[in-house]
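# I would like to see how this sequence folds:
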Amino acid sequence: MQLHQLRYLVTLAEEGQFVRAASRLHVAQPSVSSAVRALEAELGANLFDRSRQGAILTAAGEAFLPWARQVLTDCDAGVAAVDALAGLERGRVTLGATPSLTTTVLPPVLAAFRTAYPGVELVVDEAGSGDLVRRLERSLVDFALIVLPVSAASLQARPLGEEELVVAVPAGHPLSLRQALEVSDLRDVPLVMFRDGYDLREATLDACRHAGFQPSFAVEGLEMDGVLAMAGAGLGAAVLPASVVPPGGSLRAVRFARRELVRHIGVAQRRDRTTSRAMEALLERVEVGMRRPAGPAPPARASTVAPPRSRARGRQRRAV
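Coordinates of the predicted model:
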């Protein structure tokens, strides 16, 4: 039994098709088929039911899969331990991050890290928080910058900072003249909306429902770049992190009164993974980057924006 056979097995189980598994592994499809068949022959059991629709785990495959994942996790931890002894002259770090952070916090952080440690290979996996949690559980990324809280028992997380959410609208939009607004002001405003499963989509929907209404969509099903472009073209308003709205561009960021919507950002990783020196060095820089302003602050005038209230007298801001 060889490690590459276990890796091919795990990837095929996750992808469900030989073609997709081979593409993710950057090998030819026959290599995956041959490795899985050899593993099945050694175990004396079929691990997959094969059909034109794909490959589905058998009962034997379901039983063997957790053990294969654990072996790969332990081997990766051993490699990380050796890399730690070798210093920061070589290594590989796979970092997951939400789209708002890959366009604001991470570029200067990764540029500085690359300059300091050119021998360390960097891989960035950009996805929503829910997808990143699942990839962490499957050991597809070393650690990830995600929206807290995290409930997965196999993961540990700690807070890094906050992202303020704002309403982004083009010049000329009725809301563009406002200095601050409430969530309820979006009741009759068509929104440009992210795809299903995007944490910003869920945060916006939850906030609107909490305010007593179901929002309407001008267009939905988009990624971050699409939302920015569609909102900039005038299709509708969008709820976004303040840091992603470029200054002097086609969009204006309007704050929610009392910073009503914020997201808590943290770093998460598997509890059973060893942290290599390369990961530690990158994490240190990420933490410093999170403490710096990541983007433009939306304009506000003291005469029109309600001041923050104390916890004892005012309502607390809602974390999303």
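
# who does the helix or strand that contains residue 164 touch, helix- and strand-wise?
Applying DSSP states H and E as the criterion places residue 164 in strand 155-170. Judged by 3 or more CB pairs under 8 Å, 6 or more residues apart in numbering; DSSP states H and E, strand 155-170 is in contact with helix 129-137, helix 224-232, strand 238-241, strand 251-256, strand 261-270, helix 277-291. From N, CA and C alone the C-beta is placed, and that goes for glycine too.

# Name every strand pairing with the shortest one and say which way it goes.
Going back to what we said before, that points to strand 238-241. Its sheet considered, strand 238-241 pairs with strand 155-170 (antiparallel) by DSSP bridges.

# quick one: the partner strand to chain centroid distance?
Taking the mean of its C-alpha atoms, strand 155-170 sits 11 Å from the chain's own mean (CA atoms, centre = their mean, to the nearest Å).

# Report the inter-axis angle for it versus helix 224-232.
20 degrees (axes from the mean of the first three to the mean of the last three CA atoms, to 10 degrees).

# got the CA coordinates for strand 155-170 in CSV?
Only the C-alpha atoms of strand 155-170 are listed here, as CSV (Å, rounded to 0.1, in the frame of the first residue of the first chain):
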residue,chain,number,x,y,z
LEU,A,155,-11.0,22.5,14.2
GLN,A,156,-9.6,25.1,16.5
ALA,A,157,-9.9,28.9,15.9
ARG,A,158,-9.0,32.2,17.4
PRO,A,159,-10.1,35.7,16.6
LEU,A,160,-8.0,38.1,14.5
GLY,A,161,-10.2,41.2,13.9
GLU,A,162,-13.4,42.5,12.5
GLU,A,163,-14.8,43.6,9.1
GLU,A,164,-17.5,46.3,9.0
LEU,A,165,-20.2,45.7,6.4
VAL,A,166,-21.6,48.6,4.4
VAL,A,167,-24.1,49.2,1.6
ALA,A,168,-22.3,49.8,-1.7
VAL,A,169,-24.2,51.9,-4.3
PRO,A,170,-23.3,53.8,-7.5
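
# angle of it against strand 261-270?
Angle, strand 155-170 to strand 261-270, by the same axes, to 10 degrees: 150 degrees.

# could you give the mean pLDDT of the helix or strand following strand 155-170?
Next helix or strand after strand 155-170 toward the C-terminus (DSSP H and E): strand 180-181. Strand 180-181 comes out with an average pLDDT of 94.

# Show me what the helix or strand just after strand 180-181 packs onto, helices and strands only.
Counting by DSSP H and E, the next helix or strand C-terminal to strand 180-181 is strand 191-194. Secondary-structure packing of strand 191-194 (3+ CB pairs under 8 Å, 6+ apart): helix 199-210, strand 217-222, helix 224-232, strand 238-241.

# Can I get those in CSV including distance to residue 102 and mean neighbour count?
Converted to CSV, the helices and strands packed on strand 191-194 look like this (distance: least, CB to CB, whole Å; neighbours: other CB atoms under 10 Å):
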stretch, distance to residue 102, mean neighbour count
helix 199-210, 14, 18
strand 217-222, 16, 15
helix 224-232, 9, 19
strand 238-241, 12, 26
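
# Now do the helices in the stretch 1-150 of the chain.
Ranges of helices within the stretch 1-150 of the chain are 3-15, 18-25, 29-43, 59-85, 99-102, 106-116, 129-137, based on DSSP state H, counting those that start in this stretch.

# so where is the stretch 151-300 of the chain shaky, pLDDT-wise?
292-300 (pLDDT under 70).

# List the buried residues for the strand holding residue 164?
155-157, 160-170 (16 or more other CB atoms under 10 Å).

# That one to helix 277-291, inter-axis angle?
Using the same axes, to 10 degrees: strand 155-170 against helix 277-291 is 40 degrees.

# from here on, count from 835
Shifting the count to begin at 835 puts that one at strand 989-1004.

# domain assignment for the chain?
Domains of the chain are assigned by automatic domain parsing as 835-903, 997-1098+1138-1153.

# Can you tell me which of those domains is most buried?
Stretch with highest mean neighbour count among these: domain 997-1098+1138-1153 (a mean of 17; mean count of other CB atoms under 10 Å).

# gap between that domain and the chain center?
19 Å.

# now swap in stretch 880-899 and tell me
With CA atoms, centre = their mean, you get 29 Å for stretch 880-899.

# related to what we said a few turns ago, nearest to residue 1054, out of the helices of the stretch 835-984 of the chain?
helix 933-936 (16.1 Å; CB to CB).

# Tell me the residue in this structure that is farthest from the middle.
residue 878 (39.6 Å; CA atoms, centre = their mean).

# Just the pLDDT at that residue, thanks.
What the model reports for residue 878 is a pLDDT of 94.

# Against residue 898, how distant is it?
The gap separating residue 878 from residue 898 is 11 Å, by CB to CB, to the nearest Å.

# Next: residue 854.
In terms of CB to CB, residue 854 sits 20 Å off from residue 898.

# try residue 913
23 Å.

# hang on, residue 1014 packs against residue 1093?
No: assessed by CB atoms under 8 Å, residue 1014 is found out of contact with residue 1093, at 9.7 Å.
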